[in-house]
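Peer 1: sequence-free structure coming up:
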């Protein structure tokens, strides 16, 4: 179970983690919606819906990519952490297991998680 930081409500924390977890699927969905849009076989209502959906997904993807770019400047453990914690499909690892794989303490791994979530939330404008 994830723990919320002292200032961020749990609901926002979980929402942000959900967005991070779904990042790879968002990219696939953007590509799928763009292909649908290019077929140009829909009504104006559907076009507006697709434009809005693509814009929303693109905004979230861009924010997560900005955070990843900023974190990459801090070193490899953050990239490995994100891969193991959020994007590995068959990974049911505990925070202890992730910490061991990236050679940091469990507390440091939790701090990394909190920092990532706070940075994405700030980038999305959900939390300052």
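Peer 2: Structure received. Please read these numbers as outputs of a predicted model, since none were measured by experiment. Residues are numbered from 1 along each chain as shown.
Peer 1: In this protein, which helix is the longest?
Peer 2: helix 44-72 (DSSP state H).
Peer 1: what comes up buried for that one?
Peer 2: Residues of helix 44-72 classed as buried: 54, 57, 60, 61, 63, 64, 67, 68, 71 (neighbour count, 16 or more other CB atoms under 10 Å). For every residue, glycine as well, the C-beta is placed using N, CA and C.
Peer 1: Please report the distance of the residue nearest the centre of the chain from residue 65.
Peer 2: Centroid check for the chain by CA atoms, centre = their mean gives residue 20 as the closest residue, at 1.6 Å. For residue 20, the distance to residue 65 equals 11 Å [CB to CB, to the nearest Å].
Peer 1: got it, and residue 35?
Peer 2: 21 Å.
Peer 1: got it, and residue 17?
Peer 2: 17 Å.
Peer 1: And residue 110, by the same measure?
Peer 2: 24 Å.
Peer 1: now residue 123
Peer 2: 10 Å.
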